[in-house]
Structure formats: C-alpha cells, structure tokens
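Asker: Structure here, sequence nowhere to be found:
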C-alpha cells in the first residue's frame, strides 16, 4: 500500500519561496513509470495541477504558474519537494501530492496540507 504524506509550513507570510515536501512509503519514487505530482485546491475553487517529477527525475511544471514552480527529489529519503516562488495570499490552498502511472488517473493521494499565506 503506497502512502503519501505532505508536510509544509501551515501559516506563512508573503515570501519569496514556499517549500512543501511529500514523503512516500510503500513504494519507490524511482519505480518505472510512475509520476509524482503536486496539485492544489484554493478555497472555493477546483483542483489545479502544479507540476510533476517522473520516475526518471524529469520534471514538468504547469505553464499557468509562469515558472514559479520547481520540483526536486531526494531518492535516499523517498521524498519529492515543491518550491513555489513569489508567494502571495492567492497561493492559499490545500496542497496535495499524488501518484499516477504515466498520464493515467491518479491512484494514490496524500491527505493534503493547508497552506495559508497572510501578512
């Protein structure tokens, strides 16, 4: 059973960078052909795909976020990390990490972590 667990700062002020980590258990983030994704849901809005890192280490970022996202991984810890730059209150959301097999449906999700950006 694969489990994903997000960790993040909770309440933050507007800042240059926000970092979130997803810790994976029950499966390796290097296993062919899985993709590890970040998704968020702002209050009152739908899910927004932010980016992904593939089993190979290749990364993909949502064009809608205009190069604000960077995704990396630590294979020794079986974790992947999202960095979001130029953080404003509009980035307030529940942030999720999830797994998919290629571009197919997501089969495992983390429980989500609330990030509130407020001055």
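Answerer: Happy to help now that I have it. This one's a predicted model, so the numbers in the text were calculated from it and none came from an experiment. Numbers count the residues shown, from 1 in each chain.

Asker: Read off the pLDDT value for the closest residue to residue 31 other than its chain neighbours.
Answerer: In this structure, residue 31 finds its nearest non-sequential neighbour in residue 55, 5.8 Å apart by C-beta to C-beta, 6 or more residues apart in numbering. C-betas here are computed from N, CA, C, even on glycine. Note for residue 55: predicted pLDDT of 97.

Asker: Now do the contacts for residue 55.
Answerer: Residue 55 sits next to 29, 30, 31, 32, 33, 34, 35 when contact means C-beta atoms under 8 Å, 6 or more residues apart in numbering.

Asker: And these, which of them are buried?
Answerer: Judged by neighbour count, with 16 or more other C-beta atoms under 10 Å as the criterion, the buried members of these are 29, 34, 35.

Asker: The first one and residue 95, how far apart?
Answerer: Distance from residue 29 to residue 95, counting by C-beta to C-beta, to the nearest Å: 17 Å.

Asker: check which helix or strand covers the residue lying closest to residue 75 once chain neighbours are set aside.
Answerer: Taking C-beta to C-beta, 6+ apart, and ignoring the residues beside it in sequence, residue 75 has residue 30 as its nearest neighbour in space, at 5.8 Å. Secondary-structure element containing residue 30, defined by DSSP states H and E: none, the residue being outside all helices and strands.

Asker: Please list all residues in contact with the residue nearest the centre of the chain.
Answerer: The C-alpha lying nearest the average C-alpha coordinate of the chain belongs to residue 38 (C-alpha atoms, centre = their mean; 2.8 Å). Residue 38 makes contact with 20, 22, 49-52, 69, 71, 82, 95-98 under the criterion C-beta under 8 Å, 6+ apart.

Asker: Secondary structure of it: a strand, I assume?
Answerer: Yes: residue assignment for residue 38, taken from DSSP: H, G, I helix; E, B strand; the rest coil, places it within a strand.

Asker: which residues does it bridge with?
Answerer: residue 51, residue 97 (DSSP bridges).

Asker: any idea how far it lies from residue 99?
Answerer: Between residue 38 and residue 99 the distance is 11 Å, computed by C-beta to C-beta.

Asker: wait, what's in contact with the nearest residue to residue 73 once chain neighbours are set aside?
Answerer: Using C-beta to C-beta, 6+ apart and skipping residues adjacent in sequence, the residue nearest residue 73 is residue 80, 4.2 Å away. When contacts are counted by C-beta under 8 Å, 6+ apart, residue 80 is found next to 21, 22, 24, 29, 36, 53, 71, 72, 73, 74, 97.
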